[in-house]
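# I would like the atomic coordinates for the input below:
(one chain, ligands or ions: 1)
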Amino acid sequence: MQIQNKFNHNTKIVGVIGHPIKHSFSPLMHNIAFELSGLNYIYLPFDVPPSALKDSLRGMIALGIKGFNVTIPLKEKVLPHLKDISEEASIIGAVNTIVNDDGILRGYNTDVLGVIESLLPYKDDLQGATVTVIGAGGASRSVIYSLIRNFKVERINIVNRTEQLAESLKDYFSTKMLFSNIKSYPLVPPDLVDVFRNSKLIVNTTSIGMYPDVDDAATTIPESFTKDQIVFDVVYTPVKTKLLKIAESQGASIITGLKMFVEQGAKSYEIWTGEQMPKEKVFKALESYLLS
Ligand code: ATR
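Numbers count the residues shown, from 1 in each chain. As a prediction, the model looks like this:
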């Protein structure tokens, strides 16, 4: 056996806290990135229920853990425990990245940056456009924030299974960001044909179509697209969801959830390490892993 002393007193620890945590692909992504760039870091998953959140952050400081990603159900709950919160995280009310700056915990929302980077190639198309966002949870907030702040869209439709939640998001963004051209709709397919047809961009922020229920999309979200439309799915297992496959086969432009996942991860990586993640290589490695 050849012994490799990879980790030592200089190794910096980062990780993800959440509950449950076993489905996260973040450890794989970040450890691939550290390996590729030769940084002396390790990324670990920590199963932290809400009752252990405060202690886990104390432990982070005591042990000198450099950073955490934060996932369900802690993204909102973590805010009161942080010293400093970035503008986007404070408007959205959710943090997905914490950095420990010598005992001072700062929070960011890099999902927003993941959305911005994913949509950037379509910036001109989105100016003044009508867009439709399916879902009204945390991912939806990141998407809507980015669309208002960075893409100057004209109108946003929020479509959600529970219409009341879409309605609350509508009120939330008109108050917090003074953007009032938002309409909410229940996710009832026959009524939505025109809403989807008139949208330049359609974003799925729900888990519809996620492995193992990969065929779900057909019954709930649109099936008819044009070449002028852009379809973005935040789901990345499978890499090409049913929604994206249909959209692509009809000539629409597609954006995968894997793109967004890597972009948000790259921003967290940069916040912790001060270095750029080798994004293209990491994307390729994850893509081939998920396709295998
Ligand atoms: P996330 O942080 O990933 O956005 P979330 O906050 O739990 O997760 O939000 C999940 C969103 O996906 C919600 O809008 C949810 O709809 P409801 O508000 O009606 O619960 C939506 N969603 C999840 N599974 C769905 C399904 N099978 N069909 C339709 N919508 C679904």
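# Residues contacting stretch 157-175, please?
Outside stretch 157-175, the residues that touch it by C-beta atoms under 8 Å, 6 or more residues apart in numbering are 130-137, 140-141, 144-145, 148, 156, 179-180, 182-187, 192, 195, 199, 206. C-beta: built from backbone N, CA, C; applies to glycine.
# For it, buried residues please.
Neighbour-count burial for stretch 157-175 flags 157-160, 163, 165-167, 169-170, 172-173 (criterion: 16 or more other C-beta atoms under 10 Å).
# What pLDDT is listed against the residue in the chain positioned nearest to the ligand?
Of all residues in the chain, G137 sits closest to the ligand, with a separation of 1.9 Å (C-beta to the nearest ligand atom). Note on G137: pLDDT of 93.
# likewise P190?
Per-residue pLDDT puts P190 at 69.
# Check T219 too.
Model confidence at T219 (pLDDT) stands at 62.
# Please apply the same query to G209.
91.
# Please apply the same query to I85.
I85 is assigned a pLDDT of 98 by the prediction.
# Could you give me the buried positions within stretch 4-20?
12-19.
# thinking again about what came up before, wait, the residue of the chain closest to the ligand touches V234, no?
No - contact criterion C-beta atoms under 8 Å: G137 and V234 do not qualify, at 10.3 Å.
# Between these two, which is the more surrounded one?
Higher neighbour count among G137 and V234: V234, with 28 against 16, using other C-beta atoms under 10 Å.
# what about the residue lying closest to that one once chain neighbours are set aside, how many residues close to it?
Closest residue to V234 apart from its sequence neighbours, by C-beta to C-beta, 6 or more residues apart in numbering: G257 at 4.5 Å. Using other C-beta under 10 Å, G257 has 25 neighbouring residues.
# what residues are up against G257?
G257 touches 233-236, 239, 241, counting by C-beta under 8 Å, 6+ apart.
# Show me the two of those residues that sit farthest apart.
Across these, the longest distance by C-beta to C-beta is 12.3 Å; it joins V234 and V239.
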